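# sequence unknown, structure follows:
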Ligand code: IMP
């Protein structure tokens, strides 16, 4: 029986990761479902550093594979911010307050500086060591009016020009094919399939 623990407490990510990794393991469960309540401080200066820190910390507590991701939004005209601080960009750290700060800052930028990308680093840890890692991105643009209620976090403000829709408007099944996390998890899938 092959079990995978997802080292994240974010329900939006757990939902997406379960959908994308379905069929690869006999059981895919969140840390919460596994009864693990460890709070790993995300103080690395890169997405990969934070993902590795989380995956390795949890992997030392369990026998099975552990996957952690660290992701965030990087805006061109903001020098890549919020970046690794995406989850706690505002003082409150809620989606609502983070989005309000994003809109306030991006409204000061010209159209040509509103390009942005989501980035996702994935680390698979096994027996306290990194077995696989990768980093992928998804390019778009920040808009100032929220559109749609799908997804989570900054999604209603993240426009994919080729679709003419935000991640808040795009069907979850499509997001799960084209997002930063989808691409990184596809690479993880490939790695796990090769191991079979
Ligand atoms: P993490 O849990 O430290 O990886 O924080 C990631 C943060 O980046 C989330 O709380 C969101 O604010 C943002 N983020 C990452 N991926 C997405 C996404 O797919 N949609 C919307 N926001 C995202």
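Nice, thanks for sending it over. All of these numbers come straight from a predicted model, not from anything done at the bench. Numbering: from 1, shown residues only.

# Can you tell me the closest non-neighbouring residue to the spatially most central residue of the chain?
The structure's the chain has its C-alpha centroid closest to residue 71; by C-alpha atoms, centre = their mean the separation is 3.9 Å. For residue 71, ignoring the flanking residues on the chain, the nearest one in space by C-beta to C-beta, 6 or more residues apart in numbering is residue 120 at 4.1 Å. Just so you know, the C-beta spots here come from the backbone N, C-alpha and C atoms, and that holds for glycine as well.

# If you check the chain against the ligand, which residue is the closest one?
When scored by C-beta to the nearest ligand atom, the chain has residue 153 as its residue closest to the ligand, at 2.4 Å.

# still on that earlier bit, part of a strand, is the residue nearest to residue 71?
Yes. Applying DSSP: H, G, I helix; E, B strand; the rest coil, one finds residue 120 inside a strand.

# Tell me if I'm right that it and residue 183 touch.
Yes. Counting by C-beta atoms under 8 Å, residue 120 does reach residue 183; the two are 7.5 Å apart.

# Quick one: list the elements packing against the top helix by length along the chain.
The single longest helix within the chain, with elements called by DSSP state H, is helix 180-195. Helices and strands touching helix 180-195, by 3 or more C-beta pairs under 8 Å, 6 or more residues apart in numbering; DSSP states H and E, are helix 11-21, strand 65-75, strand 115-126, strand 129-142.

# mind running it again at 6 Å?
strand 115-126, strand 129-142 (3 or more C-beta pairs under 6 Å, 6 or more residues apart in numbering; DSSP states H and E).

# Quick one: work out the angle between it and strand 115-126.
30 degrees (axes from the mean of the first three to the mean of the last three C-alpha atoms, to 10 degrees).

# So in this structure, where's the weakest helix or strand by average pLDDT?
helix 11-21 (a mean of 82; mean pLDDT, DSSP states H and E).

# Alright, that wraps it up for me.
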